[in-house]
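*Asks:* Okay, sequence plus prediction incoming.
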Amino acid sequence: MNQDRLNARIRAIKLWGLAFIGLTVIAWLVLGHWREALSGLFLGELGGAYVVLSLIHQGHRNDNTAGTALFASGVIGMFTRVIALIAVMVIAEHWRTFFNPYAALIGYLLGFVFIFVGLYGFAKGQNTDS
């Protein structure tokens, strides 16, 4: 039952992230004078999508990973997320006329926000007395 609730919550996080990316694309098409900021936001959201997917798929929910292997997986995941952040910011800074770097950073951080907000309600409803 708990695993089903967690899987449903994770699916909802993925869908909300995709919906937000879709809204950004629609706004980019409609609001021409905001294209630079929305392009940066979209670029950051793509990096944030990697954050969401890497945190979910490297979560080791069902494989009983523990100890050194779990620590190594966390370090590798953190390293790849930093690489993704660097890539997003370098692209946004290099093509500054197309992408707003501040909006790209905000879009990247939205991935963490979706994970935190999505799993906060799940964690708050957990029974920790066991």
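*Replies:* Looks like it came in fine.

*Asks:* Now for residue 24, how many residues are close by?
*Replies:* Number of residues near residue 24 (other CB atoms under 10 Å) recorded here: 20. Placement of C-beta: from N, CA and C, glycine included.

*Asks:* Okay, it and residue 44: tell me how far apart.
*Replies:* Computed with CB to CB, to the nearest Å, the distance linking residue 24 and residue 44 is 10 Å.

*Asks:* shared neighbours, the two?
*Replies:* residue 107 (CB atoms under 8 Å, 6 or more residues apart in numbering).

*Asks:* If you count neighbours, what's buried in the helix or strand hosting residue 21?
*Replies:* Using DSSP states H and E, residue 21 sits in helix 2-30. By 16 or more other CB atoms under 10 Å, the buried positions in helix 2-30 come out as 6, 9, 10, 13, 14, 17, 20, 21, 24, 28.

*Asks:* list the helices and strands that helix packs on?
*Replies:* helix 35-57, helix 101-124 (3 or more CB pairs under 8 Å, 6 or more residues apart in numbering; DSSP states H and E).
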